[in-house]
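Enquirer: Give me coordinates for this.
(one chain, ligands or ions: 1)
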Amino acid sequence: MQNNTVTVKNTPGGIDSPSIITYSTVFNVAVPYIDRHISEGRSNKTAIRTTEGDISYQELVHNVNRCGNFIRSLATARGDRVLMVVKDCSEFFYLFWGAIKVGLVPVPANTLLRSGDYQFMVEDSSAAVMVYSPEFATEVEPALAAAAHKPGCVLKATGEGSLQEIIAEHSDELEAAPASASDDCFWLYSSGSTGRPKAAVHRHRDMVETCVHYAVDTLGINESDVFFSAAKLFFAYGMGNAMIFPLWVGATAVLSDQRPSPDMTFDIIQRFKPTLYFGVPTLYAAQLQKLDEIPPTPLYEREASQAASDNTWPDLSSIRGCVSAGEALPADILRRWQEKTGMTILDGIGSTEALHIFISNRADDYSPGSSGRMVPSYQAKIVDDAGAAVATGEIGRLLIKGGSMAGYYWNNPEKTAETMLGEWVNTGDTYYQDESGYYVYCGRSDDMLKVGGIWCSPAEIESCLIAHPQVLEAAVVGRADDDQLIKPEAFIVLTTATDSEEALSQELLNHCRNTLARYKFPRWFNYVDDLPKTATGKIQRFRLRK
Ligand code: 3UK
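Expert: Numbers count the residues shown, from 1 in each chain. I've put the predicted structure just below:
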């Protein structure tokens, strides 16, 4: 087999006989995802669309090569990390693939975090190179100043003197560094319950597994698709949706650097006409609310080219598939979306450790309120506290196994031992499998929350609240809002009584703004005399949830 190639043998037997993937001995994944498109004749095809313009496959390949040549010129060594706090833009692609192509390890980070988080990541990864979008300077620059480790090269992604300008001077030709399918390829940080993020280390082969078994064999993507993901590229979910999947089939990705909102997403959909749309439940709920405010226009009056404006129904007709992940999609949101748009939403559960979705609904086989069935080639086991498999219909902890799993967390043997159990990965979720074989989510087995699809650690929010002089004790739990979506709720014991709870809640919210990412802010504050605790003094969050 030729170097840097992968062959896929489709065995159309569905879940029972998954496609078989074979990797060449020398395998750098940048070749099939980037270089291959030229030999397959896609030079002039659009790879990326943004409001700034379109990027062809030819330009993509050249810029990835320029970027790779530049990073290599920085006296970096094989395996060195390139930390990225980069918004959704084409430079994200150049950096990520340029790094992989020269044998470096890109580490895309959540761009919504605060300087404390970035300081930790700079130190934990001991990054050799750090690139950030100027939009995030206020959080990234103090992190770099405070960090005990200083990256050899720090650079802005765009603007004056940036990566964008520098790479123009480098050669657009580059040979991929030798690697193998099981070599470390990139990292993704995921939040831990103690607030300290942990980097899941992924191999070159992992993304191929998600493309073949989920994107192609489950979702049915193809070369003519146009992908738009409201979830950003730095999430494993968004990275699959808007970069890895389209590049696998030679399709087109649409990127927006704006905060996801109903207006933003409807506007992008009308302008760029994606065929596949990827959202999270909180956003689907907000989009539905927006649609509720628009008087239904009869189909024959809808103008296809109309820009999204406050009172016209957005034209969603380009979309052939909607996907949801990140947190459970309530059946009612699915029902209302079907009613309003005539489309279904395919809910699937994925994780940073698994890289993408491993249990999913399908267009021809779905059950509202469930996560669906196993994606071909993945296996699940629902176990009790002793590790024994439970009977159908009984709730237990979900373990999964499959070809895309991160093998370990960087620099964190304790978390690795807790999560990676031989071939099995502990998801931290509780599930049951119903009589028809669908997997149904029942909540986390730890206290972690998913808010708008993003991790939230109650402990981190509590320690922020406790730092306020008027807060003696704090406990944070998840509470379902009117759309059945989980948001943080705070229970607080005060040092001294307050005469206005409302004013205090506002002040606490302002206090949260200093250190917490916005999605972590409590949506409700309750003032209580004491918190329920165990004999050993541990807060009983399950009692507050009631
Ligand atoms: C929860 C869900 C119920 C669940 C992700 C798609 O979310 C992703 O990765 P994360 O590491 O979080 C993983 C955890 O999130 N979760 C995700 N999807 C669902 N719970 N129903 C769902 N559909 O607790 C899981 O353990 O942030 C999602 C693709 C790639 C991803 N990384």
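
Enquirer: OK, now which residue of this protein is nearest to the ligand?
Expert: For the chain and the ligand, the shortest gap (C-beta to the nearest ligand atom) falls at Gly350, measuring 2.5 Å. From N, CA and C alone the C-beta is placed, and that goes for glycine too.

Enquirer: which ones are touching that residue?
Expert: For Gly350, the set of contacting residues under the criterion of C-beta atoms under 8 Å, 6 or more residues apart in numbering consists of Ala236, Tyr237, Gly240, Ala325, His356, Ile357, Phe358.

Enquirer: List the beta-bridge partners for it.
Expert: Beta bridges link Gly350 to Ile357, judged by DSSP bridges.

Enquirer: Show me the residue sitting in the middle of this structure in space.
Expert: Phe235 (2.3 Å; C-alpha atoms, centre = their mean).

Enquirer: Wait, that one touches Asn110, no?
Expert: Yes - between Phe235 and Asn110 there is a contact at 7.4 Å, judged by C-beta atoms under 8 Å.

Enquirer: who touches both of the two?
Expert: For the pair Phe235 and Asn110, residues contacting each of them under the criterion C-beta under 8 Å, 6+ apart are Ile454.

Enquirer: Tell me the residues of the stretch 51-200 of the chain that contact the ligand?
Expert: Residues of the stretch 51-200 of the chain lying near the ligand by C-beta under 6 Å from any ligand atom: Ser190.

Enquirer: Break down the stretch 51-200 of the chain into its helices, ranges please.
Expert: Defined through DSSP state H, counting those that start in this stretch, the helices belonging to the stretch 51-200 of the chain, from first to last, are 57-72, 90-101, 115-125, 137-146, 163-167.

Enquirer: Can you pull the residues of the chain lying near the ligand?
Expert: Taking C-beta under 6 Å from any ligand atom as the contact definition, the chain meets the ligand at 190, 236-237, 325-328, 347-352, 356-357, 371, 427-429, 441, 444, 450, 455.

Enquirer: Inside strands: which ones of these?
Expert: Of the residues of the chain next to the ligand, the ones assigned to strands by DSSP state E are 190, 347-350, 357, 427-429, 441, 444, 450, 455.

Enquirer: what residues go with each domain of this structure?
Expert: As given by automatic domain parsing, the domain ranges for the chain are 56-204, 244-443, 452-545.

Enquirer: Take those and lay them out in CSV including mean pLDDT.
Expert: Below are these laid out as CSV (pLDDT from 0 to 100):
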stretch, mean pLDDT
domain 56-204, 96
domain 244-443, 93
domain 452-545, 91
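
Enquirer: Please identify the most buried of the helices of the stretch 51-200 of the chain.
Expert: Of those, the one with the most neighbours on average (mean count of other C-beta atoms under 10 Å) is helix 90-101, at a mean of 26.

Enquirer: now that one: how far from the chain's centre is it?
Expert: In terms of C-alpha atoms, centre = their mean, to the nearest Å, the gap separating the centre of helix 90-101 from the centre of its chain is 18 Å.

Enquirer: try stretch 95-112
Expert: Its chain's C-alpha centre and that of stretch 95-112 lie 15 Å apart, by C-alpha atoms, centre = their mean.

Enquirer: Could you do stretch 474-489 as well?
Expert: Taking mean C-alpha positions (C-alpha atoms, centre = their mean), stretch 474-489 and its chain are 21 Å apart.

Enquirer: And that stretch, what's buried?
Expert: For stretch 474-489, the buried set under the neighbour-count rule, 16 or more other C-beta atoms under 10 Å, comprises Ala474, Ala475, Val476, Val477, Gly478, Arg479, Asp483, Leu485, Ile486, Lys487, Pro488, Glu489.

Enquirer: got it, and stretch 321-339?
Expert: Neighbour-count burial for stretch 321-339 [16+ other C-beta under 10 Å]: 321-330, 333-334, 336-337.

Enquirer: Of those, just say which sits nearest to Ala231.
Expert: Sorting the buried residues of stretch 321-339 by how near they are to Ala231, with C-beta to C-beta, puts Gly326 at the top with 6.7 Å.

Enquirer: so who does the residue nearest to that closest one when sequence neighbours are not counted touch?
Expert: Once flanking residues are discounted, Gly326 sits nearest to Gly453: 2.5 Å by C-beta to C-beta, 6 or more residues apart in numbering. Counting by C-beta under 8 Å, 6+ apart, Gly453 makes contact with Ala231, Phe235, Tyr237, Val280, Pro281, Thr282, Ala325, Gly326, Glu327.

Enquirer: try 7 Å
Expert: When contacts are counted by C-beta atoms under 7 Å, 6 or more residues apart in numbering, Gly453 touches Ala231, Val280, Thr282, Gly326, Glu327.

Enquirer: What distance do you get for it to Leu485?
Expert: Counting by C-beta to C-beta, to the nearest Å, the gap from Gly453 to Leu485 is 10 Å.

Enquirer: just Val8 next, same as before
Expert: Here Val8 is placed at a distance of 37 Å from Leu485 (C-beta to C-beta).
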